[in-house]
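A.B. asks: structure of the sequence below:
(one chain, ligands or ions: 1)
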Amino acid sequence: MDTVVLFPSSGVGHLAPMTEFAKHLVSHGLSVSIVVLPPFSPFSTASSVNNFISGVTSHPSISFHHLPPIPVSHSPLPSPKPSRSPLLPLFLFLRAVNPYLRDLLRSISQTSKIRALLLDFFCTEAFHVAAELQIPAYIFSASSSFIIAYFLYLPTLYNEITEHFQDLGETPIHLPGMPPIPASHLPSAVQMHDDIYRTYANHFVRLTESKGIIINSFEHLEARTLKAISQGLCLQGRVTPPVHCVGPLITGRVAAERHECLAWLDKQPKGSVVFLCFGSMGRFPAEQIKEIAIGLERSKQRFLWVVRSPPDTDNMFGSAGDADLDCLLPAGFGDRTEGRGMVVKDWAPQVEVLNHEATGGFVTHCGWNSVLEAVCAGVGMIAWPLYAEQKMNKVVLVEEMKLAVEMKGYGKGMVTAEEVETRVRWFMESDGGTELRERAKEMKDRAAAAVSDGGSSHATVVKLTGEWKKVLADDDDDDDIVQIQCG
Ligand SMILES: O=c1ccn([C@@H]2O[C@H](COP(=O)(O)OP(=O)(O)O[C@H]3O[C@H](CO)[C@@H](O)[C@H](O)[C@H]3O)[C@@H](O)[C@H]2O)c(=O)[nH]1
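C.D. replies: Below you'll find the model as predicted:
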């Protein structure tokens with residue numbers, strides 16, 4: 001048996017596209033082992049991961065391998081004080097996981113040959129393990145090409161800009177192959193020109209240690225950025241690994257029962273409903289939930305809105321508070337919007353909703369999976385980024401791809417009801433909104449072409465899997481090329 005091992009980092013947003021890629025590898029004759037991080041990893045809950053895995057249709061050639069819980073004595077978590085950077089605890093956690101990953105890879109190698117190890121871009125600590133066991137290691141980006149360009153450019157940026165980023169406000173930062181990004185829109189992790197920044201730059205420059213960077217995107221969507229990466233404009237003095245776009249990888253989940261919101265959508269006119277959903281972790285404070293409700297009500301548009309309880313602390317990654325959602329919405333909101341709006345608590349089947357013909361627009365936090373799902377469904381977006389790289393995603397969506405309009409005010413702490421009303425109306429009623437929705441439909445066709453036979457992403461998957469299977473064929477001559485050295 002021969003296998004490719006996939007190592008996603010925390011959260012369903014990273015696990016889902018890798019799992020989808022696994023299905024492609026299997027359809028090209030490879031088997032796949034997917035590593036699942038131990039419970040209590042940062043940015044993730046065991047229940048959301050387990051729910052996701054239980055919803056994946058079982059396949060004899062795809063297996064999930066759960067790493068054991070890290071003993072408290074070895075665990076870098078929980079941190080006694082909040083970190084200035086949310087990613088540092090994740091990096092420490094992933095380093096602590098290395099011995100268990102090594103054991104797992106050795107165990108898999110007892111029965112299979114490991115042809116390649118695909119590491120999420122947060123998992124660069126695992127390069128040590130791959131080198132030790134002589135397994136070819138690749139990077140897999142669950143996000144865009146431009147985040148890869150940005151990661152590769154971080155050391156240059158560090159030398160070019162000596163001010164603290166947080167003092168630069170809206171100053172445009174020029175990154176290769178991208179529209180100018182306001183300094184305030186760079187991920188919060190690099191808002192300080194200090195040791196944390198250096199840690200990040202050192203982490204991401206290790207992407208160059210990979211044999212290739214596999215990206216959940218497609219060439220037409222990010223042509224300019226991909227060209228900049230492959231021309232070596234992001235790296236100074238280092239060779240850029242080959243970049244392979246294999247997307248869009250969209251996870252179709254089959255629910256046991258059809259969600260009630262789909263039955264509600266069945267009753268709405270074609271293209272009439274604005275869908276609001278903020279990823280697997282997005283939560284708003286109570287006041288913001290009220291503003292959204294008032295804005296939606298005043299917009300007079302149809303809506304389907306996924307709402308979560310506000311976090312129990314100031315930290316939006318905190319666990320859910322126990323507030324009753326009905327108490328958070330304005331009095332009488334349900335009655336006044338009955339028939340025209342639906343509020344869903346916690347989770348809706350987003351892919352099915354976006355592909356429902358009643359859905360006409362999508363208010364999104366700009367997580368990359370959500371972006372690709374909207375692109376594949378041909379649905380235009382209203383961009384309301386929250387955290388991570390989402391503000392950068394917003395800039396590219398609005399300025400470069402022109403598939404979204406910006407919801408204003410999120411940077412100032414609150415999006416007002418007036419802004420929600422104005423933006424939703426503009427999107428659904430104005431000529432500009434109609435043009436945006438038409439562009440989204442055109443991009444849907446481009447996305448479908450990329451993954452169909454002969455399309456750019458399809459050809460890339462054929463080439464990659466061919467290379468991995470070529471190793472197989474060569475092994476007939478030299479049986480130990482990438483066999484793990486145990487002990
Ligand atoms: O009610 C919901 C909410 C979410 N989803 C699904 O959950 C996934 C969410 O993924 P994504 O849109 O990428 O958001 P996050 O979960 O926030 O993803 C993390 O990972 C992404 C990929 O690296 C980054 O782009 C984001 O910034 C980061 O927050 C998507 O497949 C959605 O369809 C649902 O099906 N229903």
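A.B. asks: is the helix ranked longest in the chain in proximity to the ligand?
C.D. replies: The longest helix of the chain (DSSP state H) is helix 87-111. No: on the criterion CB under 6 Å from any ligand atom, helix 87-111 is out of touch with the ligand, staying 11.6 Å away. Quick note: C-beta positions are derived from backbone N, CA and C, even for glycine.
A.B. asks: in that helix, what's buried?
C.D. replies: Buried residues in helix 87-111, counted by 16 or more other CB atoms under 10 Å: 87-94, 96-97, 100-102, 104-106, 108-109.
A.B. asks: after that helix, next one along is what?
C.D. replies: The helix or strand immediately downstream of helix 87-111 is strand 113-120, counting by DSSP states H and E.
A.B. asks: tell me the helices and strands packed up against that next one.
C.D. replies: strand 2-7, helix 12-27, helix 87-111, helix 127-132, strand 137-141, helix 456-475 (3 or more CB pairs under 8 Å, 6 or more residues apart in numbering; DSSP states H and E).
A.B. asks: by mean pLDDT, show me the worst of these.
C.D. replies: When the helices and strands packed on strand 113-120 are compared on average pLDDT, helix 456-475 comes out lowest at a mean of 85.
A.B. asks: what's next to it, contact-wise?
C.D. replies: Helix 456-475 is contacted from outside by 2, 4, 24-25, 28-30, 113, 115-116, 212, 214, 218-220, 244-248, 450-452, 481-482, using CB atoms under 8 Å, 6 or more residues apart in numbering.
A.B. asks: ok, of the residues you listed, which come out buried?
C.D. replies: Neighbour-count burial (16+ other CB under 10 Å) applied to the contacts of helix 456-475 gives 2, 4, 24-25, 30, 113, 115-116, 212, 214, 218-220, 244-248, 450-451, 482.
A.B. asks: quick one: closest of the helices and strands packed on strand 113-120 to G169.
C.D. replies: Each of those has some distance to G169 by CB to CB; the shortest is helix 87-111, at 22.8 Å.
A.B. asks: what is the closest one packed up against?
C.D. replies: Against helix 87-111 (3+ CB pairs under 8 Å, 6+ apart) you get strand 2-7, strand 31-36, strand 113-120, helix 127-132, helix 195-205.
A.B. asks: could you redo the last one with a cut-off of 10 Å?
C.D. replies: If contacts are counted by 3 or more CB pairs under 10 Å, 6 or more residues apart in numbering; DSSP states H and E, helix 87-111 sits against strand 2-7, strand 31-36, strand 62-66, strand 113-120, helix 127-132, helix 195-205.
A.B. asks: between the ones you listed, which gets the lowest average pLDDT?
C.D. replies: Mean pLDDT is lowest for helix 195-205 out of those, coming in at a mean of 83.
A.B. asks: relative to strand 113-120, how tilted is the longest helix of the chain?
C.D. replies: With axes from the mean of the first three to the mean of the last three CA atoms, to 10 degrees defining the directions, helix 87-111 sits at 170 degrees from strand 113-120.
A.B. asks: what does the stretch 251-400 of the chain put close to the ligand?
C.D. replies: Residues of the stretch 251-400 of the chain lying near the ligand (CB under 6 Å from any ligand atom): 251, 277, 279-281, 306, 347-351, 367-370, 373, 388-390.
A.B. asks: out of those residues, name the ones that lie in helices.
C.D. replies: Counted as lying in helices by DSSP H, out of those, are 350-351, 368-370, 373, 390.
A.B. asks: out of the helices and strands in the chain, which is least certain?
C.D. replies: Counting by mean pLDDT, DSSP states H and E, the weakest-scoring helix or strand in the chain turns out to be helix 46-55, with a mean of 77.
A.B. asks: buried residues, that helix. List them.
C.D. replies: By 16+ other CB under 10 Å, the buried positions in helix 46-55 come out as 48-49, 52-53.
A.B. asks: and what of stretch 20-38?
C.D. replies: By 16+ other CB under 10 Å, the buried positions in stretch 20-38 come out as 20-26, 30-38.
A.B. asks: quick check: end-to-end length of stretch 175-184?
C.D. replies: Taking CA to CA, to the nearest Å, the first and last residues of stretch 175-184 lie 14 Å apart.
A.B. asks: hmm, I typed the wrong one, I wanted stretch 8-17.
C.D. replies: Termini of stretch 8-17 sit 9 Å apart (CA to CA).
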